[in-house]
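In: For reference, the sequence and a predicted model appear below.
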Amino acid sequence: MAQTLQDTVKLNNGVEMPWFGLGVWQVEDGSEVINSVKWAIKHGYRSIDTAAVYKNEEGVGQAIAEAMKEEGVSRDQLFITSKVWNSDQGYESTLEAFEASLKRLGLEYLDLYLIHWPVKGKYKETWKALEKLYKEGKVRAIGVSNFHVHHLEDLLGDAEVVPAVDQVELHPYLSQLELRKFAESKGIQIEAWSPLANGQIIKDETISKIAEKYGKTSAQIVLRWDLQSKIVTIPKSVKEQRIIENSSVFDFELSAEDMAAIDALNKNERTGADPDNFNF
Ligand code: NDP
């Protein structure tokens, strides 16, 4: 169980990934993303999750460079994730997209590179490109995002490298139990996107009651539930106080009873698209 914000999980290739990170979807390039990432690193975060399609890799890169200087953090203490966008899928185009992301981020390597969505007829070729980048040492771990069990089964059928991570929408209203069991049996780490259901989960009454009991906020309860469920989590906030709040989850423990009460909130409800039916 993670004891601090910098604690890591060992992925299936031995690479250590922080359990906790900052997401930057819908964060504007420029000062908004630069501030968020710098605050996060200043307050102890080591993992940042971006993607080409977020159009803020340049700002993320600038923030990383500045934070490394100002906070005395070295590149190898950070864990940077990006993702290949759907329109770039395919072998050559993925290799090009990776180089473009790396350049915008101003980095020499990535820690994790993900296939953003399982684009039908394309994701296997895309995976071959990720395997090449991995073998060349340009990325320390490769994985997927928004893959259901059947997508993983299909990919595993001829993959040389087993994905290290599957990043999926996951929160108390969409707890993804079947996928979590399958991923665990294959050594694939589950990572939650929209862990706060894009902010919606804060309003849940059951969670509010539990929060009151522990003297914590609803966001903290949900993020602690992720950690105790062995799920890597990457809440997004552009506010310094919330960036601190979200990561202050290492000084209490949810009881088995409260974990079960949160588990019982599942209603298979998505805030985002279903990976079997998306049109982007
Ligand atoms: P989250 O579930 O992290 O929720 C973010 C929202 O909640 C924002 O509106 C934020 O507002 C608000 N919020 C954050 N902290 C608190 C708090 N303590 N109290 C109240 N409100 C709070 O949503 P995201 O959809 O951003 O998911 C997180 C990350 O996952 C993304 O940023 C991205 O990196 C990744 N992701 C990946 C996807 C994929 O397809 N692979 C898809 C979607 C997300 P404010 O900023 O104003 O604080």
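Out: On my side now, so go ahead.

In: Which helix or which strand is home to the residue lying farthest from the centre of the chain?
Out: In the chain, the residue that sits farthest from the middle, by CA atoms, centre = their mean, is residue 213; the gap is 28.6 Å. Per DSSP states H and E: residue 213 is located in helix 205-214.

In: And the contacts of that helix?
Out: 172, 201, 217-218, 220-222, 252, 254, 258, 261-262, 265 (CB atoms under 8 Å, 6 or more residues apart in numbering). C-beta here means a position set from N, CA and C on the backbone, and glycine is covered the same way.

In: Out of those residues, just show me the ones up against the ligand, please.
Out: Among the contacts of helix 205-214, the residues within reach of the ligand (CB under 6 Å from any ligand atom) are residue 217.

In: The contacts of helix 205-214, buried ones only, as a ChimeraX selection?
Out: Restricted to buried positions by 16 or more other CB atoms under 10 Å, the ChimeraX selection for the contacts of helix 205-214 reads:
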select :172,201,217,218,220,221,222,254,258,261,262,265
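
In: got the contacts of helix 205-214 as CSV, with pLDDT columns?
Out: Output for the contacts of helix 205-214, formatted as CSV (pLDDT from 0 to 100):
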residue, pLDDT
172, 98
201, 95
217, 98
218, 98
220, 98
221, 98
222, 98
252, 98
254, 98
258, 98
261, 98
262, 98
265, 98
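
In: Quickly list what residue 79 is bridged to.
Out: Going by DSSP bridges, residue 79 is paired in beta bridges with residue 47.

In: where does it land on pLDDT?
Out: pLDDT for residue 79: 99.

In: From the ligand, how far off is it?
Out: 13 Å (CB to the nearest ligand atom, to the nearest Å).

In: One more: residue 97?
Out: Distance from residue 97 to the ligand, by CB to the nearest ligand atom: 15 Å.

In: Quick check: nearest residue in space to that residue, chain neighbours excluded?
Out: With CB to CB, 6 or more residues apart in numbering as the criterion, residue 97 has its nearest non-adjacent residue at 3.8 Å, and that residue is residue 88.

In: what pLDDT does the one you found get?
Out: 98.

In: Tell me how many other residues crowd it.
Out: Other residues near residue 88 number 23, with proximity taken as other CB atoms under 10 Å.

In: go on, residue 160?
Out: 9.

In: same deal with residue 274?
Out: 10.

In: So what does it have for phi and psi?
Out: The phi/psi pair for residue 274 (degrees, to the nearest 10) reads phi -80, psi 130.

In: What separation is there between it and residue 117?
Out: 11 Å (CB to CB, to the nearest Å).

In: What about the residue nearest to residue 97? Give its phi and psi, please.
Out: The phi/psi pair for residue 88 (degrees, to the nearest 10) is phi -100, psi 0.

In: same check, this time on residue 18
Out: The phi/psi pair for residue 18 (degrees, to the nearest 10) is phi -60, psi 140.

In: contacting residues for it?
Out: Residue 18 neighbours (CB under 8 Å, 6+ apart): 5, 6, 7, 8, 45, 46, 47, 79, 232.

In: Can you give me every residue that contacts the fifth one?
Out: With contact set as CB under 8 Å, 6+ apart, residue 45 has these partners: 5, 18, 20, 21, 22, 243, 247.

In: and the stretch 1-150 of the chain, which residues reach the ligand?
Out: 23, 24, 25, 49, 116, 145, 146.

In: now, which of those residues sits nearest the ligand?
Out: Among these, residue 23 lies closest to the ligand (CB to the nearest ligand atom), at 2.4 Å.

In: what's the closest one sitting at in phi/psi?
Out: phi -100, psi 150.

In: Looking at strand pairing, list the partners for it.
Out: Counting by DSSP bridges, residue 23 is bridged to residue 49.

In: List the residues that contact it.
Out: 49, 193, 234, 235, 236.

In: Isn't the first one up against residue 27?
Out: No. With contacts defined as CB atoms under 8 Å, residue 49 does not count as touching residue 27, sitting 10.8 Å away.
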